[in-house]
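**Student:** Curious how this folds, go ahead:
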Amino acid sequence: MIHLDGGTFIMGSDDHYPEERPARQVKVDAFAIDATPVTNAQFSRFVAETGHVTLAERAPDPAMYPGILPEMLHAGSLLFTKPGGPVSMDGLGQWWSFCFGADWQHPEGPGSTIAGREDHPVVHVAHEDALAYAAWAGKALPTEAEWEFAARGGLDGRAYAWGDDLAPDGRMLANTWQGQFPWQNLALDGFEGTSPVGSFPANGFGLFDTIGNVWEWTDDWYADRPSEARKSACCIPANPRGGDEAGSFDPCQPEIRIGRKVLKGGSHLCAENYCMRYRPAARYAQPIDTSTSHVGFRCVRR
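**Tutor:** Model prediction:
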């Protein structure tokens, strides 16, 4: 882990997506944060020691999903599949699908394996899986402010973790999408899917993969206006399917049945023509019951 003394920084951005606004001064206390996202090897040790079964490995509880079709009551996770050519950008279903049998051990679905990818970030983990790992490790999930402070590496107000140029002198410094998403990945960074953690230079604080590779869970409830997402007023645990239903609701936005937490950092699927969220200020709302092939996490200790 990397120890950070904390401090005051400019969080958010006025230059990109509306949900990042306004850029504002925020203070964080001292904390330590994992230098990399949690890897398959680390998550394997957690599962071996605890017997944890991830949400993607359990069939949905129909009581939690009124009206769910019987044929959907099987374990699985959301999987990205690259189309064979240009497609309409109107629907995520052109490249995302729910894959039965996709989970952290089978990242591309049945028949796939993490063998040889022990040092890649673990994916197909829901928020409760990240919480369970963090508790086992004696750690916690970062707040959105902690994550962004760490990701910036001391470069206050800059677009990326290394400055304002995505590819200085043509050099790719993170695992993102080059080409026309979702069908053409030129892989100029050397990778088409996830990459081993630490494949790209660390930021100014010594953290790796704060840009791209996988999105990372935080422990803050999502609000479109960041100033409304007060964690102190919105701090209830996310419960697994079939548990106390109240644990699935976000008290910040009670109209949303399944609460959403903030994801940070972007992933290998973020592209200039579609999702320019490979920046420390960028943020995304992810339902707590959802796992995908491009979402992982790292932990903090306070």
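
**Student:** State the distance from residue 204 to residue 195.
**Tutor:** 21 Å (C-beta to C-beta, to the nearest Å). (Each C-beta comes from the backbone N, C-alpha and C, glycine too.)

**Student:** higher neighbour count, these two?
**Tutor:** residue 195 (22 against 11; other C-beta atoms under 10 Å).

**Student:** In contact with that one, which residues are there?
**Tutor:** 120, 175, 189, 213, 268 (C-beta atoms under 8 Å, 6 or more residues apart in numbering).

**Student:** What's the per-residue pLDDT of it here?
**Tutor:** Note on residue 195: pLDDT of 98.

**Student:** Show me which strand runs longest in the protein.
**Tutor:** For the chain, the strand with the greatest residue count under DSSP state E is strand 215-221.

**Student:** neighbouring contacts of that one?
**Tutor:** The contact list for strand 215-221 (C-beta under 8 Å, 6+ apart) reads 37, 125, 127, 130-131, 140-147, 229, 231, 234, 250-253, 259-267, 284, 286, 294-298.

**Student:** cool, and stretch 82-89?
**Tutor:** By C-beta under 8 Å, 6+ apart, stretch 82-89 touches 94, 95, 180, 182, 183, 185, 274.

**Student:** 10 Å instead?
**Tutor:** 93-95, 180-185, 192-193, 269, 273-274 (C-beta atoms under 10 Å, 6 or more residues apart in numbering).

**Student:** Okay, buried residues for stretch 205-218 please.
**Tutor:** Using 16 or more other C-beta atoms under 10 Å as the test for burial, stretch 205-218 gives 205, 207-218.

**Student:** next one: stretch 84-99
**Tutor:** Quick answer for stretch 84-99 (16+ other C-beta under 10 Å): 95, 96, 99.

**Student:** Can you report how many residues neighbour the residue nearest to the first one when sequence neighbours are not counted?
**Tutor:** Distances taken as C-beta to C-beta, 6 or more residues apart in numbering place residue 182 nearest to residue 95, at 4.2 Å, with adjacent residues excluded. Under the neighbour criterion other C-beta under 10 Å, residue 182 is assigned a count of 22.

**Student:** Residue 182 touches residue 270, doesn't it?
**Tutor:** No - contact criterion C-beta atoms under 10 Å: residue 182 and residue 270 do not qualify, at 11.3 Å.

**Student:** Quick check: next helix or strand after the longest strand of the chain?
**Tutor:** The helix or strand immediately downstream of strand 215-221 is strand 260-264, counting by DSSP states H and E.
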